[in-house]
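Colleague: Quick one: sequence and predicted model below, then my questions.
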Amino acid sequence: MQVQGRLLLLALILLAATAEAGKNKKEKAKKDGSECEDWRWGPCVPNSKDCGLGYREGTCKDESRKLKCKIPCNWKKKFGADCKYKFESWGGCSTQTGVKTRSGILKKALYNAQCEEIVYVTKPCSSKIKSKSKGQSPPLLS
């Protein structure tokens with residue numbers, strides 16, 4: 001009976017601690033944040049060159065803020081770093097143009113970014129011919 005009582009007490013202590021931790025996070029967000037709910041955020045502007053760490057500016061009524069942000073260096077510059085797409089597999093190689101194409105459907109637009117619903121990407125066809133015998137060694141001669 002004592003073991004059950006201790007387990008119940010331990011469960012109550014853990015529940016209280018988790019509730020208190022959640023309350024502290026909410027209070028911290030309110031202290032940091034403002035009452036304004038209609039923030040308009042600009043694009044992420046890198047500190048140097050065209051990728052890496054940077055900042056984005058936001059405005060709401062007469063308030064303004066800067067948030068740290070990061071633009072990956074392999075991002076699709078054409079679409080912007082705040083537009084996330086789900087891409088299909090690459091299509092076949094066009095012998096006329098020498099490129100292959102695939103399309104992407106908008107998955108998420110971050111910070112109210114203006115994104116196209118469907119985008120198309122092309123890349124040059126590979127001139128390499130992949131060998132089908134990967135991982136196999138040639139037969140040994142005796």
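Modeller: Looks like it came in fine. Quick caveat, the model's predicted, so the values are computed rather than measured.
Colleague: For my notes, confirm Tyr111 occurs in a strand.
Modeller: No - Tyr111 is assigned helix when assessed by DSSP: H, G, I helix; E, B strand; the rest coil, not a strand.
Colleague: The residue nearest to it when sequence neighbours are not counted and Cys60, how far apart?
Modeller: Excluding its sequence neighbours, the residue lying closest to Tyr111 (CB to CB, 6 or more residues apart in numbering) is Trp41, at 3.8 Å. For glycine as for every other residue, the C-beta is placed from the backbone atoms N, C-alpha and C. Distance of Trp41 to Cys60, computed by CB to CB, to the nearest Å: 10 Å.
Colleague: which of these two has more neighbours?
Modeller: Between Trp41 and Cys60, Trp41 has the larger neighbour count (other CB atoms under 10 Å), namely 18 against 15.
Colleague: The more buried one reaches Tyr55, doesn't it?
Modeller: No - counting by CB atoms under 8 Å, Tyr55 is not a contact partner of Trp41; they are 10.7 Å apart.
Colleague: Please enumerate the shared neighbours of those two.
Modeller: Here Trp41 and Tyr55 share the contacting residues Leu67, scored by CB atoms under 8 Å, 6 or more residues apart in numbering.
Colleague: Lys108 pairs with what?
Modeller: Taking DSSP bridges as the rule, Lys108 bridges to Lys84.
Colleague: Which residue ranges make up the domains of the chain?
Modeller: 36-72, 74-126 (the TED database).
Colleague: Among these, which comes closest to Gln2?
Modeller: domain 36-72 (51.3 Å; CB to CB).
Colleague: mean confidence score for the closest one?
Modeller: Regarding domain 36-72, the rounded mean pLDDT is 87.
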